[in-house]
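Colleague: pasted the sequence and its predicted model underneath.
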Amino acid sequence: MKSNDKLTIKKTSRGVTKEEFEAYLGKSASKPFYQKSLNTYMNNPNKMNWNWASTFLSTYWFCYRKALIPAVISFSLIIISNAFLPSILGDLALLAILAFFGSYGTNIFFKDAERAILYAKKNSKNNDKNEILNSLTTKGKTSFILPLIFFIFEGAIYYNFIF
């Protein structure tokens, strides 16, 4: 083993394997960003893992990745910072929210994926590894429909605030 090779953990503390994460990620799993991010998460789930998409498009990125609970939370935080805080304080809160989701958005997504993987494993009829991996491939992947739905929903909310 070379001195610059890093030891990669085979399972998370909750028993989810890298193979299961990769099945959940779908085609994205082979991209260098997700390989690096997944290795970082597997070694230390609390380590900062910068992601530009989750910085500026957090709600839409979470919807695209089918992580609906984090999407609703990020959307709610952004609405609260814009609608209920005074101008300068709201802007500072928004910057803090953007920095947080940029730093930890990928980890939040992986935590949500881990929850979905554990649920799929728990509800597997015969605990067959291939069946579970196929199920994860179907449940994971990405969605273009969910961000579009959320965009329409967000537009309706902003429309009601303006008019």
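Modeller: Yep, that arrived.

Colleague: counting neighbours, what do you get for the residue nearest to residue 52 when sequence neighbours are not counted?
Modeller: With sequence-adjacent residues excluded and distances taken as Cβ to Cβ, 6 or more residues apart in numbering, residue 52 is closest to residue 102, at 6.9 Å. Every residue, glycine included, has its C-beta placed from N, CA and C. When neighbours are counted by other Cβ atoms under 10 Å, residue 102 registers 19.

Colleague: isn't residue 102 up against residue 53?
Modeller: No. In this structure residue 102 lies outside contact range of residue 53 using Cβ atoms under 8 Å: 9.0 Å.

Colleague: could I get the pLDDT score of the residue nearest the centre of the chain?
Modeller: The centroid of the chain falls nearest to residue 109 when counting by Cα atoms, centre = their mean (2.0 Å). Reading off the confidence values, residue 109 has pLDDT 97.

Colleague: contacting residues for it?
Modeller: Residues near residue 109 by Cβ atoms under 8 Å, 6 or more residues apart in numbering: 54, 62, 65, 67, 70.

Colleague: residue 29 touches residue 21, doesn't it?
Modeller: Yes. Look at residue 29 against residue 21 with Cβ under 8 Å: they come within range, at 7.3 Å.

Colleague: where does this structure have low pLDDT?
Modeller: Within the chain, the stretches with pLDDT under 70 are 1-9, 163.
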